[in-house]
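[1] Below are the sequence and a predicted model for it; my questions follow.
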Amino acid sequence: MEELTTAELRPEAGVGRAVPPALPAIAMVTRPARTQSETPLRHRLPATGRQVLRAGACMLGEEADHGRLLLFSPVFLGAGSACWFLAAWDFPFFASLLCLLVPAAAVFLAGRSRPALRATFLALAFFACGMLSAQFESWRASTVILDSAVTTTVTGRVERREGDGRGRWRYILAVTGTEAPELKRQPGRITAIARGADAPFEIGDIITGRARLTPPAGPALPALNDFSFGAYFDGIGANGFFYGAPKKVDLQAGPQAARSTSEAVLEWLYQLRSSIGDRIRSILPGDTGAFAAALVTDERRAISKATTEALRQSGLAHIVAISGLNMALSAGIFFVGFRMLLSLFPGVAQAYPTKKIAAAGALIAVTAYFLISGFGVSAERAFIMMAIMLIAVFFDRPSISLRNVVLSALVIIAISPSEVLGPSFQMSFAATLALVSGYQLWKDRRIRENALLKLPIIRPVVAVAGFFGGVFLTSLIGGFSTALFSIEHFHRLTAYGLPANLATMPIISFIVMPAGLLAMLLMPFGLDAPLWKVVGFGLDMVIAVAKTVSGWGGDIGVGRLPAWYFVVAVAGFLLLTLLRTRLRHAGTSILAASTSIVLLLPVPRPPDLVISEDGSLVAVVAAEAMASNRENPPDFIFDQWQRALVLPAHYPPKMLDGPAIPPEGDDRRVRLSRDQQNEARTAMRAAAAGGETNRFSCVKKAWCTSRLGNGRIVTVIDNAAYLGPACDAADIVVTSVRLRFNSCRSGGTLFTGETLRKTGSIELRFADTGLEVATAFETLSRPWMRHRAYDWRSNSFVESGLSSVSGSGE
């Protein structure tokens, strides 16, 4: 009875009132025992499993408390954009809008009481927002792409120009008209190469000339980079070259097109950029001047092919591109130098915040640098990053943080979501993420005091060791972080990038960039020439290092990897760099596991035959080599084939004397007589039977034929007059001529210029079940592909099911 009275009078903690007495044992309601399936997961798991779950939940909560989950916002935004661009069809606008509004409303309804659910809906909202931004950019671009190759007279206004070091100039023209023939579906902007002019045309000039124009190239092989995608969002509708030197049109001869203020400002900036490049190249000739101009204006075409290849093979190509390195050095040098200059005046240093004044000056300097750099995505990313860091100084906030990287990524994806699929965006942000994450780990490390390192005699050694140690770690982290993207886009790795960067970074940091910054400040006064000589001295050493290291070899060909590997590996990389707790090692595990699977899995079977998108280049894939139908295949396509298939060796065709009576002239409409057809058929069969296996035998400007290892015959014809004999003598016939039929009467497989225009490049594999055909394009419904489905005769997009209001073609 005393125990019951004590229980009744026991006060509740923190309240001060009595707790009701406990019910008698006979009155307590008991529940039936749980079955094994009903037992909660935390009770069914062993003690070690429960501890792992509890630890994971705690670490996830810690990540959320530090705002790390918000760092994934550009990841979901970019993933939405990438999914929209990679989809086979356009998503309806209202469906995409609904996909945004529903999770956005769910975020508000979930409230803060359900953080996991709220974070999930927020991720879905960012994903849908990325899809909408991609859709909006595609609508905003609306670039008219030329449907097929044509020779016409082009008249246009020079918007940009860039020399290539061989006396040629590449112009970007805003097309004002075409004639002979007049294009029904005229591109708004083209690139055209001109040679033979006494002096380059100035930006703003109107020029005209006879030119050969072609649409932007598609993928060299299925799943490789589609250059027409980048051209569409750059506003470039055609590429080509002038026959002879174009002529300048007198502006007073006709009315001038009205220009907006923004167009006038851009033209002035490009004029300034071009004049700065010309000034630098006039002081420093050759590759040295082209290299120096590239560091300032991002005009890289003037650098010779040998030097460009040496920089690439040595892992120093990032120096040429205006990226984080250039922006950081220019801003840092200006910031430190200006602050030291202000500190020489004690009255100013004591009365004004010199650090913030120096930051404002550095912000002006990097803004000017960006405006004359050509607005590349790497320069854009670096400028936004540096601007955020310098603005953070105004508010006494930390400059180097992942939040700054995330903010710049959000801005770029919102403005240009198409850049998400480009190597420049991916490699730039990958290196920045890895470096900032590594810096934060280094900053948060435990520091142990060492009295020996504080001795005056040791301090210089520590400073030098610290600098080279920083360069070593920066190069190591940057190299590893971009290796995945280098494999995906370029199918190669650089083995000796680390020693090359260790040798050149001191030169760039202490000679090239400081002298270049001072030269740019003195250029308006005409006092920059001596400083450009100093820059040239440093760049000569960089070029020498690049050529020395490239001579060691180390260019490792990797080839194409499975599509799933890149997605999984990128996910692991993001977890590794964006998380701060031990959860980041889940990213390490994902990277290690996916890489191990790729290394252990058997190598996919290479194609037996590859065909370019225009049918002019065909190659037989043999053991460790490719045999093509061209003695000198075009580098642009063939280099991509060799890198993707890891086949560096090339077997040129064996040239034959040919039939006794070939068609005269280059007219592809010439018909052969019956005797000529029989003679050509006999010659093709004899060349295939007597030639080397997996190697072409060719008659110039007529046909090429090859007998494959499985006995199949492949014939490539340059002249449609040989189509009949080729179909009779071969199993597979390829021609670049655009024919109105797509099959041989003999039953052989025929690929023509018309069919290849719609399918893009092709890979063929001979299997037991028959011929396997892989094409670059399955459908032509996306905006950057629709020009391939256009038929200028019917003035419609036949294959894509779209009708045209205004036509194209010649």
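    In hand now; what should we look at?
[2] Select the longest helix from the chain.
    When the chain is parsed with DSSP state H, its longest helix is helix 459-490.
[3] what helices or strands is the helix or strand following that helix leaning on?
    Going down the chain from helix 459-490, the next helix or strand is strand 492-494, by DSSP states H and E. If contacts are counted by 3 or more C-beta pairs under 8 Å, 6 or more residues apart in numbering; DSSP states H and E, strand 492-494 sits against helix 459-490, strand 555-557. C-betas here are computed from N, CA, C, even on glycine.
[4] Nearest to S142, out of these?
    The closest of the helices and strands packed on strand 492-494 to S142 is helix 459-490. By C-beta to C-beta, the value is 26.8 Å.
[5] helices or strands next to that closest one in the packing?
    helix 423-443, strand 492-494, helix 497-507, helix 563-578.
[6] same thing but 10 Å
    helix 317-320, helix 324-343, helix 423-443, strand 492-494, helix 497-507, strand 555-557, helix 563-578, helix 635-645 (3 or more C-beta pairs under 10 Å, 6 or more residues apart in numbering; DSSP states H and E).
[7] got a markdown table for the ones you listed, with mean pLDDT, mean neighbour count and distance to G690 too?
    As requested, these are arranged in a markdown table below (pLDDT from 0 to 100; neighbours: other C-beta atoms under 10 Å; distance: least, C-beta to C-beta, whole Å):
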| stretch | mean pLDDT | mean neighbour count | distance to G690 |
| --- | --- | --- | --- |
| helix 317-320 | 85 | 20 | 46 |
| helix 324-343 | 85 | 19 | 58 |
| helix 423-443 | 86 | 20 | 46 |
| strand 492-494 | 86 | 19 | 38 |
| helix 497-507 | 89 | 21 | 48 |
| strand 555-557 | 83 | 15 | 34 |
| helix 563-578 | 93 | 18 | 42 |
| helix 635-645 | 93 | 18 | 27 |
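[8] TSV for those, including distance to T354?
    Listed next are the helices and strands packed on helix 459-490 as TSV, based on distance: least, C-beta to C-beta, whole Å:
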stretch	distance to T354
helix 317-320	31
helix 324-343	4
helix 423-443	25
strand 492-494	42
helix 497-507	28
strand 555-557	48
helix 563-578	35
helix 635-645	52
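[9] what about those, which gets the closest to E159?
    So among those, helix 423-443 is nearest, using C-beta to C-beta, at 21.0 Å.
[10] quick check: longest strand of this structure.
    Counting residues, the longest strand found in the chain (DSSP state E) is strand 150-163.
[11] State the mean pLDDT of the helix or strand just after it.
    For strand 150-163, the following helix or strand on the C-terminal side (DSSP H and E) is strand 169-179. Here strand 169-179 scores 93 as its mean pLDDT.
[12] what about the helix or strand following strand 169-179, distance to the chain center?
    Downstream of strand 169-179, the next assigned helix or strand under DSSP H and E is strand 189-194. Here strand 189-194 is found 22 Å from its chain centre; the criterion is C-alpha atoms, centre = their mean, to the nearest Å.
[13] in strand 189-194, what counts as buried?
    189-192, 194 (16 or more other C-beta atoms under 10 Å).
[14] Then stretch 520-529?
    In stretch 520-529, counting by 16+ other C-beta under 10 Å, buried: 520, 523, 528.
[15] The first one: what's it in contact with?
    So the one you mean is M520. For M520, the contact set (C-beta atoms under 10 Å, 6 or more residues apart in numbering) comprises 276, 280, 296, 330, 365, 368-369, 372, 528, 531-532.
[16] do the same with the second one
    Taking C-beta under 10 Å, 6+ apart, we find M523 in contact with 275-276, 279-280, 296, 529, 531-532.
[17] could you redo the last one with a cut-off of 7 Å?
    For M523, the contact set (C-beta atoms under 7 Å, 6 or more residues apart in numbering) comprises R279.
[18] where's it relative to G691, distance?
    With distances taken as C-beta to C-beta, to the nearest Å, M523 is found 62 Å from G691.
[19] tell me the SS of N632?
    Using DSSP: H, G, I helix; E, B strand; the rest coil, the structure places N632 in coil.
[20] can you count the residues close to D396?
    D396 has 9 neighbouring residues, counting by other C-beta atoms under 10 Å.
[21] What does the pLDDT read for it?
    81.
[22] repeat for T297
    88.
[23] before we move on, what about G801?
    For G801, the predicted pLDDT is 42.
[24] Repeat that for the one 5 residues further on.
    Turning to S806, the model gives it a pLDDT of 35.
[25] A414 now?
    Reading off the model, A414 has pLDDT 91.
[26] ok, and what's touching the helix or strand where it lies?
    If you go by DSSP H and E, A414 is part of helix 402-415. The contact list for helix 402-415, computed with C-beta under 7 Å, 6+ apart, reads 71, 73-74, 77-78, 81, 130, 133, 377, 380-381, 384-385, 388-389, 419-420, 429, 432-433, 436-437, 578.
[27] In ChimeraX, how would I select just the buried ones from those residues?
    Buried residues within the contacts of helix 402-415, by 16+ other C-beta under 10 Å, are selected in ChimeraX with:
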select :71,73,74,77,78,81,130,133,377,380,381,384,385,388,389,419,420,429,432,433,436,437,578
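[28] Restricted to helices, list the contacts of helix 402-415.
    Reading helices off the contacts of helix 402-415 with DSSP H, I get 73-74, 77-78, 81, 130, 133, 377, 380-381, 384-385, 388-389, 429, 432-433, 436-437, 578.
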